[in-house]
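*Asks:* could you work out the structure for the sequence below:
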Amino acid sequence: MASHRKSRTPGTRVAGKRTPAIATAALTSVALLSQTADAAPSDDGRPSLEEVEKKVDDLYRQAESATEKYNAAKERTTKQRKRVDALLDDVAQRTETLNEAREELGSLAAAQYRTGAGVPDTATFLLADSPQDFFDQSRLMDRMTGRQKEAVDDYVTQQSETMEKRQEAAESLETLTESQNDLKTAKATVQKKLSTARELLSKLDAEERARLAAAEEKKQEEAARKAAELARQQAEQQQAEEKARQESGTSDASGSSGSSGSTTAPSTPPSTSTPPSTSTPPSTSTDSSYAAKAEKALAFARTQIGKPYVWGATGPGSYDCSGLTQAAWKAAGVTLPRTTYDQVDAGTTVPLSQAQPGDLVFFYDDLTHVGVYVGNGMMIHAPKPGTYVREESVFYDGESSIHSVVRPA
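*Replies:* Predicted structure coming up:
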């Protein structure tokens with residue numbers, strides 16, 4: 001479902017990191033497992049360990065992409081079902097009103113028959129007990145004719161509106177069926193990708209599993225190193241901004257004191273070497289308000305650590321990546337959309353160097369993964385099938401995999 005994918009906006013990605021994640025994963029695998037014997041297919045035609053690793057990573061990525069499509073289809077199906085139910089209830093009420101109007105028309109027709117509405121006026125006059133009786137019947141028929149016309153008009157209007165609503169309900173049912181078919185297709189795709197990945201992994205022997213685990217450990221060590229480097233850079237940036245604010249405050253205070261004590265121009269002009277910081281939040285109250293919400297979101301996310309990743313899950317016992325971020329911010333009173341494709345538009349994009357705790361970190365060009373930033377280059381996320389919610393480096397799949405950072409509140 002390509003319509004859900006978001007084209008990369010210039011400036012939202014980490015600068016200079018445009019290598020596709022799949023290619024990076026392959027290169028990392030080769031670097032970590034560079035033994036010639038391993039790189040070549042075995043004599044029995046089995047794929048090499050690198051080929052298995054790359055294939056499994058690709059399958060998990062594809063499964064995660066299919067999961068987000070499943071989530072989007074499920075959300076559409078739920079909304080459409082509610083609409084169909086509302087339309088069917090409306091049609092039922094209109095049909096009941098239409099039946100009541102039909103009964104009223106029947107009563108009027110019967111009354112006309114009883115009063116002799118179909119008899120000519122001359123005959124009615126001759127058959128009346130008295131002239132006064134004839135005039136009384138004429139006035140009654142005039143009132144009944146006006147009431148009958150009103151009832152007929154009302155019946156025709158209701159009949160037309162009911163037919164329109166029935167048509168609308170039929171079209172909504174058709175759309176619902178299409179959404180349900182999309183849902184089934186996405187579900188089948190996820191299950192197939194996961195089944196293939198599990199089958200590939202099941203064919204590895206003990207030695208291959210050990211080497212694969214060792215390669216993953218080295219990959220995580222590098223990710224942790226880059227997270228520490230990001231934390232250091234963020235700390236230095238914060239110190240520089242704080243120092244600039246302090247110097248600005250001191251300069252303003254001394255300038256104010258000098259002008260109040262003398263009309264002579266100060267011997268040292270105000271410093272212009274440090275321009276105002278464009279990354280400073282618009283107000284302290286806004287920043288503190290976000291921090292308070294982010295703290296609640298992170299507190300919730302931490303309590304979910306250890307729960308399994310399950311595709312399409314939104315808690316409380318299991319989560320997929322976007323289900324976890326949605327639930328975390330819901331705990332802070334902020335409603336996020338269901339899918340990564342929509343969550344990326346639910347806030348303000350900021351550079352990774354300015355990421356704050358609570359921000360959402362999105363991954364890959366197709367926006368198929370997301371985590372909650374906790375600070376110091378780390379995040380809490382539901383990684384992939386077969387894993388559990390955990391805290392780890394935002395560089396867990398390489399720096400090039402990071403797409404953007406969004407502040408949702």
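
*Asks:* next structured bit after the strand or helix carrying Leu230?
*Replies:* Here Leu230 sits within helix 206-261, counting by DSSP states H and E. The element immediately downstream of helix 206-261 (helix or strand, assigned by DSSP H and E) is helix 284-303.

*Asks:* that following helix: which residues count as buried?
*Replies:* Tyr290, Lys293, Ala294, Lys296, Ala297, Leu298, Phe300, Ala301 (16 or more other CB atoms under 10 Å). Where you see a C-beta, it was placed from the backbone N, CA and C, and this is true even at glycine.

*Asks:* for the helix holding Leu230, packing partners?
*Replies:* Applying 3 or more CB pairs under 8 Å, 6 or more residues apart in numbering; DSSP states H and E, one finds that helix 206-261 contacts helix 21-32, helix 49-115, strand 390-393.

*Asks:* what does the shortest one contact?
*Replies:* Contacts to strand 390-393, defined as CB atoms under 8 Å, 6 or more residues apart in numbering, come from residues 220, 223-224, 226-227, 302, 305-306, 374, 377-381, 383.

*Asks:* how about 6 Å then?
*Replies:* Residues from elsewhere that reach strand 390-393 (CB atoms under 6 Å, 6 or more residues apart in numbering): Ala223, Ala224, Ala227, Ile305, Gly377, Met378, Ile380.

*Asks:* hang on, the fifth one packs against Ala227?
*Replies:* Yes - A contact is recorded between Gly377 and Ala227 when judged using CB atoms under 6 Å, the distance being 2.9 Å.

*Asks:* same drill for the two, tell me which one is more crowded.
*Replies:* Set Gly377 next to Ala227 and count neighbours by other CB atoms under 10 Å: Gly377 wins out with 24 against 19.

*Asks:* tell me the pLDDT at that one?
*Replies:* Among the per-residue scores, Gly377 shows a pLDDT of 96.

*Asks:* ok, Ser195 - how many residues close by?
*Replies:* The local packing of Ser195 (other CB under 10 Å) involves 12 other residues.

*Asks:* the one 5 residues further on now?
*Replies:* Other residues within reach of Leu200, judged by other CB under 10 Å, total 16.

*Asks:* so who does it touch?
*Replies:* Neighbours of Leu200 in contact, by CB under 6 Å, 6+ apart: Val52, Lys55, Val56.

*Asks:* report the buried members of the residues you listed.
*Replies:* Burial by neighbour count, judged by 16+ other CB under 10 Å, picks out Val52, Val56 from those.

*Asks:* export the contacts of Leu200 as JSON lines, with columns for pLDDT and distance to Arg198.
*Replies:* Output for the contacts of Leu200, formatted as JSON lines (pLDDT from 0 to 100; distance: CB to CB, whole Å):
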{"residue": "Val52", "pLDDT": "75", "distance to Arg198": "12"}
{"residue": "Lys55", "pLDDT": "79", "distance to Arg198": "12"}
{"residue": "Val56", "pLDDT": "76", "distance to Arg198": "9"}
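
*Asks:* Gln80: which of the contacts of Leu200 is nearest?
*Replies:* The nearest member of those to Gln80, counting by CB to CB, is Val56 at 35.6 Å.

*Asks:* quick one: neighbours of the nearest residue to the closest one once chain neighbours are set aside, just the number.
*Replies:* Leaving aside its chain neighbours, Val56 sits nearest to Ala197 (5.0 Å; criterion: CB to CB, 6 or more residues apart in numbering). Neighbours of Ala197 under the rule other CB under 10 Å: 22.

*Asks:* would you mind measuring from Ala197 to Glu53?
*Replies:* Note on Ala197: its distance to Glu53, by CB to CB, to the nearest Å, is 11 Å.

*Asks:* now do Thr157
*Replies:* Counting by CB to CB, the gap from Thr157 to Glu53 is 69 Å.

*Asks:* which of these two has more neighbours?
*Replies:* Higher neighbour count among Thr157 and Glu53: Glu53, with 26 against 11, using other CB under 10 Å.

*Asks:* Pro357 contacts Val372, doesn't it?
*Replies:* No - Pro357 is beyond contact range of Val372, at 8.3 Å (criterion: CB under 6 Å).

*Asks:* ok, these two, which is more surrounded?
*Replies:* More neighbours surround Val372 than the other of Pro357 and Val372, with 26 against 17 (other CB under 10 Å).

*Asks:* could you list the low-pLDDT ranges of the stretch 101-250 of the chain?
*Replies:* Across the stretch 101-250 of the chain, the stretches falling below the confidence threshold (pLDDT under 70) are 104-106, 108-153, 155-156, 250.

*Asks:* switch the cut-off to 50
*Replies:* For the stretch 101-250 of the chain, residues meeting the criterion pLDDT under 50 lie at 118-119, 122-123, 125-127.

*Asks:* which residues does Ala382 contact?
*Replies:* Neighbouring residues of Ala382 by CB under 6 Å, 6+ apart: Tyr309, Tyr319, Asp320, Cys321, Leu324, Val389.

*Asks:* count the residues that sit near the third one.
*Replies:* Put plainly, it is Asp320. Other residues lying near Asp320 total 28 when counted by other CB under 10 Å.

*Asks:* of the contacts of strand 390-393, closest to Gln343?
*Replies:* The closest of these, once distances to Gln343 are taken by CB to CB, is Ile380, at 15.1 Å.

*Asks:* tell me the secondary structure for that closest one?
*Replies:* Here Ile380 is recorded as strand under DSSP: H, G, I helix; E, B strand; the rest coil.

*Asks:* same question, the one 4 residues further on
*Replies:* Using three-state DSSP as the criterion, the local structure at Lys384 reads coil.

*Asks:* for it, which residues are in contact?
*Replies:* Tyr60 are the contacts of Lys384 under CB under 6 Å, 6+ apart.

*Asks:* quick one: low-confidence ranges for the stretch 251-400 of the chain?
*Replies:* The stretch 251-400 of the chain contains residues with pLDDT under 50 at 259-285.

*Asks:* can you do 70?
*Replies:* Scanning the stretch 251-400 of the chain for pLDDT under 70 picks out 251-286.
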